[in-house]
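**Q** need the 3D shape of this:
(chains A and B)
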Amino acid sequence: MTMTSHAASVRFENVTKAYGAVVAVDRVSFTIEPGQLVTLLGPSGCGKTTTLRLIAGLEMATDGKIYIGENDVTKLPVTDRDVSMVFQSYALFPHMSVNENVGYGLKVSGVKKREAQERSQEALRLVGLSDLGERMPAALSGGQQQRVAVARALVLEPQVLLFDEPLSNLDAKLRRRVREEVREIQQNLGLTTVYVTHDQEEALAVSDRIVVMKNAAIAQEGTPRELYDNPADSFVADFIGDANIVEGTVLGSGGETANVRIGSLELELPCRSAAAGPAKIAIRPEAIRLSAGDHGAGMRGTVRKATYLGNHLEYTIETEIGQLFVSDPHVESPAAPGDAVAVQFERRGVTLISDQTGDTNGAPEPSAR
Amino acid sequence: MMTLHRSLRDERVWSFALVAPALLTVGLLFIYPLGFSAVSAFSAEEEGGWTFANFIKAFDLYSNDILFTVVIVSLSTVLIGVFAIAIGGYLTLGENLYAVAILKWLYRWPLFIPFIVAAQLMRTFLAKNGLMNNLIVGSGLLEPLQTQSFLDWRGIVITFVWKQTPFVALLVAGAMASLDRSMIESARNLGAGRLRILIEIILPQVRPTIVVALILSFVVMMSVLSVPIMINAQTPTMLTVDMAFRINAYGDYGVANALGFISYLMTGVVAWIYLRHGVRQGGSP
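**A** Down below sits the predicted model:
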C-alpha cells in the first residue's frame, strides 16, 4: 500500500477574522497551487497562525471566502474539511501508543482495522519510525514525536497539509534535518502544504512561495528569491534576511534602471518605479565589500565591531550614511575595531524600496546586532 | 567520634520535637477515637473480653440497611461521576460561550450549601405536595392524585448527587481545563466529534482526578447523617441513622461501634483504591 496525493489548491478571497474589535486577519487574499509548499512568515501577532487555523476550520472567517479546490469551505466545520494539521506542540495523545496515535484519524473515519494498521505502518515508514509503533509518546525524543505528528497528519492523505511552527521545539541541528525531511516528503507526495513559521531561514529553505504577513495583512508574496532580492518595503527587507535600510537619492531614472546616490557613491539600480528625489535603499550585509585602508575606491568607514563566526566575519562599520552591518566571507584577513576601511556595494543585494511603512513591527533590527 | 554521635542524637531529638505537635494532634484527635471505637466494637460491654456479639447483632438488625447504604452511596457516586463529567465536558468542549459562562457560574452553588440545608430544601421540593409535583401538576403533565413523594431512597440519591456533583465537577473541570488545548483541536482536526473527544481523548487523561474526586465524595456521603434522617428515616435507611438511633435510644455503643466499623471497612476499600492510585501516579495521594 502506498500513500497517494489528493492535493488541492487553497484560495483566500478577502478573508477577515475579527475577535470583537481586534482584527487578526484583515482582507487577506492569496492562492496556493496544488502540490506547492507555501510558508506564512511574519513576526508574532501578525496573523499567520490565525490564517492557518482558518484553513483548518479551527477558526471561522468573519468575512470573505475560503476555497479548497473548487469547494467553498468557509462555513464548513473542522471535522468536515479534508485538511490535516501538525501542531506546534505535536499534540500527540499521551495515553495512546504511536500506532494508535497515527491510526486515530483512520479509526474515526471508519476505516477497517486491518487497512488502518497497514496505512499507519506505511505512514510511519515514510517518517522512518516503523519500529517504534508500540512505544508511548512519552518514550520518544522531541524529533521522534514530531515525526509521529507528521505521520498522523499524512496517513489521512489530506488535500492540504498544515504545519504550525512544527520545528520550534527542536534544537538547531535537528531542526535543519527535520525541515529537510518534511520538504522531501512533501515533494515526493506532491502535497499542498501550508507552513507557518517566524524563522526566515526555515522559510527560505523549505518554501516554493512565501507569504510575508504584517499587522494582519499580507506585506509581500513571492518566491524566496523574489522576496530576498526584491523586497517590497523595509519591513520585508528586514524580515527576510538582514538588511541595512539607508537613505539615498534617486538622481534620475531611464527605463529599467535608476541612478541612485548613497552617501558619496553612485549606483545604477533596478528602477522599481522610483521617482527622482529622496529614497530608501535596502543593502544586504553580504552585498557590502570592504577593502583595507582609507585610500581605496568607495566610501570611507571605520570598523566599530568585528565578530568572528567561523565561516565569516560580521562587522559594524561607521560611515557617512550611518552604521552598516556587514557580513564578510574573507576570514583570513580580518579587520580590527578602529581600522579604516573603504566600503563598496555590489549590485545584487542593493534594492530601492518603497517605504510607506516605516514601522518594522517587531522585525529584527540589523543595526542592533 | 563522641561529638559526631552527640550531634546525631541532638538532630534526632530536634526532629522529633518538631514533628511531635502534629503527631500528638493526629494521635489524640484521630487515631485514639478511631482505635477506641474499633476496640469497643469487639468488646463485650458487661462481661468484658473480646466478642463478635456486636457484629452479629448489627447484622441481625441492620443487614438490609448495610446493603441499602452500599447501594445508595454507590449509585450516587456513579451518577455524580456521570454528571460531573458532563459538566466538565461541556465547560471544556462547549461552543456556545454564553451557555458555558452560565453553567460555569451556576454549577458551583450547591458547594456552599450545608447538607442539612440541602436536605431541608429537597424535602420541600420532592414531597408529594412539594414544589416539583406542583410544577408538574401546574403544567398539566400529571393529576394531583397521580403524584408521588420522592422522599425515599430516590430523595437521598437526588440530594447526594445535587450536593456532591459540583465538588467532583470542580476538580474534573479543572483537570480538563489544564489539558493541552491543541490535543483537543488535533482530535477535531482528525475528524472526531465532541462526544468522541470527551470519551477517547479527555477522559483517559483526567481519569486519576475523577477517581480521586469520586472516592472523596463516596467517603463524605458515607458519613452524612442529616440527609437520610430528614429524607428517609424509615426502614431501610442508612447506617449513620442506625448508629445515631442505637446511641440515642438505647445507649448501645457496642452495636453503634460495630456499625461504624462496617462503615470503616467500606470506606477502607475505597481508601485503598485512592492510595493505590496515588502511588501509581508517583506522587503523594
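
**Q** residue ranges of each domain in chain B, please.
**A** Residue ranges for the domains of chain B, per automatic domain parsing: B:1-41, B:57-281.

**Q** is chain A within reach of the last one?
**A** Put plainly, it is domain B:57-281. Yes: using CB under 8 Å from any CB of the partner chain, domain B:57-281 reaches chain A at B:180, B:182-183, B:185-193, B:196, B:201, B:204-205. No exception for glycine: its C-beta is placed from N, CA and C like everyone else's.

**Q** so which of those residues are in helices?
**A** Applying DSSP state H to these, the entries found in helices are B:182-183, B:185-189, B:196, B:204-205.

**Q** those residues into JSON lines, with extra columns for pLDDT and distance to residue A:210?
**A** What follows is these, written out as JSON lines (pLDDT from 0 to 100; distance: CB to CB, whole Å):
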{"residue": "B:182", "pLDDT": "92", "distance to residue A:210": "24"}
{"residue": "B:183", "pLDDT": "94", "distance to residue A:210": "30"}
{"residue": "B:185", "pLDDT": "94", "distance to residue A:210": "25"}
{"residue": "B:186", "pLDDT": "95", "distance to residue A:210": "26"}
{"residue": "B:187", "pLDDT": "96", "distance to residue A:210": "30"}
{"residue": "B:188", "pLDDT": "94", "distance to residue A:210": "28"}
{"residue": "B:189", "pLDDT": "94", "distance to residue A:210": "24"}
{"residue": "B:196", "pLDDT": "96", "distance to residue A:210": "37"}
{"residue": "B:204", "pLDDT": "95", "distance to residue A:210": "40"}
{"residue": "B:205", "pLDDT": "94", "distance to residue A:210": "37"}
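
**Q** and those, which of them are buried?
**A** B:182-183, B:185-189, B:196, B:205 (16 or more other CB atoms under 10 Å in any protein chain shown).

**Q** let's have the ones in helices among the residues of domain B:57-281 next to chain A in CSV, adding distance to residue A:214.
**A** Shown next, in CSV, are those (distance: CB to CB, whole Å):
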residue, distance to residue A:214
B:182, 25
B:183, 31
B:185, 26
B:186, 29
B:187, 33
B:188, 29
B:189, 27
B:196, 39
B:204, 42
B:205, 38
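
**Q** now do the contacts for the residue lying closest to residue A:132 once chain neighbours are set aside.
**A** Nearest in space to residue A:132, with sequence neighbours left out and distances taken as CB to CB, 6 or more residues apart in numbering or on different chains, is residue A:98 at 5.4 Å. Contact analysis of residue A:98 by CB atoms under 8 Å, 6 or more residues apart in numbering or on different chains lists A:124, A:129, A:132-137, A:140, A:148.

**Q** one more: residue A:331?
**A** A:308, A:310-313.

**Q** scan these and report the most crowded one.
**A** Of all the contacts of residue A:331, residue A:313 has the most neighbours under the rule other CB atoms under 10 Å in any protein chain shown, reaching 20 neighbours.

**Q** hey, what's that residue bridged with?
**A** Per DSSP bridges, residues listed as beta-bridge partners of residue A:313: residue A:308, residue A:328.

**Q** equivalent analysis for the one 4 residues further on, please.
**A** According to DSSP bridges, the residues that bridge with residue A:317 are residue A:303, residue A:324.

**Q** ok, so of the contacts of residue A:331, who is nearest residue A:272?
**A** residue A:312 (28.9 Å; CB to CB).

**Q** I'd like the distance between the residue nearest to that closest one when sequence neighbours are not counted and residue A:289.
**A** Nearest residue to residue A:312 in three dimensions, chain neighbours excluded: residue A:329, at 4.9 Å (CB to CB, 6+ apart). As for residue A:329, its distance to residue A:289 is 11 Å (criterion: CB to CB, to the nearest Å).

**Q** ok, the two, which is more surrounded?
**A** Shown here are residue A:329 and residue A:289; by other CB under 10 Å, residue A:289 has more neighbours (16 against 9).

**Q** residue A:341 is in contact with the more buried one, correct?
**A** No: the criterion here is CB atoms under 8 Å, and residue A:289 misses it with residue A:341 at 9.7 Å.

**Q** just the element for the residue nearest in space to the middle of chain A, please.
**A** Residue closest to the average C-alpha location in chain A (CA atoms, centre = their mean): residue A:203, at 2.9 Å. Element membership for residue A:203 (DSSP states H and E) is helix A:200-206.

**Q** please apply the same query to residue A:58.
**A** Here residue A:58 is covered by no helix or strand, with elements defined by DSSP H and E.

**Q** also the one 3 residues further on?
**A** Taking DSSP H and E as the criterion, no element holds residue A:61; it sits outside all helices and strands.

**Q** excluding its backbone neighbours, what's nearest it?
**A** When the adjacent residues along the chain are set aside, residue A:61 lies closest to residue A:15, with 5.0 Å between them (CB to CB, 6+ apart).

**Q** give me the three-state assignment for the one you found.
**A** strand (DSSP: H, G, I helix; E, B strand; the rest coil).

**Q** that one pairs with what?
**A** residue A:28.

**Q** okay, now it: neighbour count?
**A** Neighbours of residue A:15 (other CB under 10 Å): 23.

**Q** isn't residue A:353 right next to residue A:282, touching?
**A** Yes: with contacts counted by CB under 8 Å, residue A:353 reaches residue A:282, the gap being 5.2 Å.

**Q** which neighbours do those two share?
**A** Common contact partners of residue A:353 and residue A:282 (CB under 8 Å, 6+ apart): A:231, A:234, A:237, A:245.

**Q** rewinding a little: who wins for proximity to residue A:161 among the domains of chain B?
**A** domain B:57-281 (11.1 Å).

**Q** roughly how far is the closest one from the heart of the chain?
**A** From the chain centre to the centre of domain B:57-281 is a distance of 7 Å (CA atoms, centre = their mean, to the nearest Å).

**Q** strands of the stretch 1-150 of chain A, residue ranges please.
**A** A:10-19, A:22-32, A:37-41, A:63-68, A:71-72, A:83-86 (DSSP state E, counting those that start in this stretch).

**Q** can you list the ones you listed in CSV and add mean pLDDT?
**A** Compiled in CSV, the strands of the stretch 1-150 of chain A are given as follows (pLDDT from 0 to 100):
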stretch, mean pLDDT
strand A:10-19, 95
strand A:22-32, 95
strand A:37-41, 95
strand A:63-68, 96
strand A:71-72, 94
strand A:83-86, 94
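
**Q** just put the ones you listed in JSON lines and tack on distance to residue A:163.
**A** Output for the strands of the stretch 1-150 of chain A, formatted as JSON lines (distance: least, CB to CB, whole Å):
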{"stretch": "strand A:10-19", "distance to residue A:163": "14"}
{"stretch": "strand A:22-32", "distance to residue A:163": "13"}
{"stretch": "strand A:37-41", "distance to residue A:163": "9"}
{"stretch": "strand A:63-68", "distance to residue A:163": "16"}
{"stretch": "strand A:71-72", "distance to residue A:163": "22"}
{"stretch": "strand A:83-86", "distance to residue A:163": "5"}
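
**Q** understood, closing this out.
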